[in-house]
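>>> Quick one, structure for this:
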Amino acid sequence: MIYAIKNDWETNEKLVLRYKKMFFQSRLATRIRNKRYAVKAPSKRKVREQAIIRTLYRELNTKVYF
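This is a model prediction of the structure:
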């Protein structure tokens, strides 16, 4: 659970910004978004295809260009 307590010198806008920063840094929003819909586990073929694509992009990113 995330909460923010208002400091004496703090405005309401600053408090809301601080709360939003804490909320998104905790990655709670992504967990909520991912669990919003029921999704089947990917098949072995799909996992393998994604792994191949990942390795291809890693190779492209590690190449040294002159």
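>>> where's Tyr57, which helix or strand?
Here Tyr57 sits within helix 44-62, counting by DSSP states H and E.
>>> Dihedrals phi and psi, Lys35?
Lys35 adopts backbone torsions of phi -90, psi 10, taken as degrees, to the nearest 10.
>>> Ser26 versus that one, what's the distance?
For Lys35, the distance to Ser26 equals 15 Å [C-beta to C-beta, to the nearest Å]. C-beta: built from backbone N, CA, C; applies to glycine.
>>> quick one: secondary structure of Trp9?
Going by DSSP: H, G, I helix; E, B strand; the rest coil, the secondary structure assigned to Trp9 is coil.
>>> Could you give the number of residues near it?
A count of nearby residues for Trp9, using other C-beta atoms under 10 Å, gives 6.
>>> ok, it to Arg54 distance?
As defined by C-beta to C-beta, Trp9 lies at a distance of 48 Å from Arg54.
>>> I figured Met22 hits Ala4, correct?
Yes - proximity of Met22 to Ala4 meets the contact threshold set by C-beta atoms under 8 Å, at 6.4 Å.
>>> circling back: so what touches the helix holding Tyr57?
Helix 44-62 is contacted from outside by Pro42, using C-beta atoms under 8 Å, 6 or more residues apart in numbering.
>>> Pick out whichever of Met22 and Ala4 has more residues nearby.
More crowded of Met22 and Ala4, by other C-beta under 10 Å: Ala4, with 16 against 13.
>>> List phi and psi for the more buried one.
phi -130, psi 130.
>>> With the flanking residues excluded, which residue is spatially nearest to it?
Distances taken as C-beta to C-beta, 6 or more residues apart in numbering place Tyr19 nearest to Ala4, at 4.2 Å, with adjacent residues excluded.
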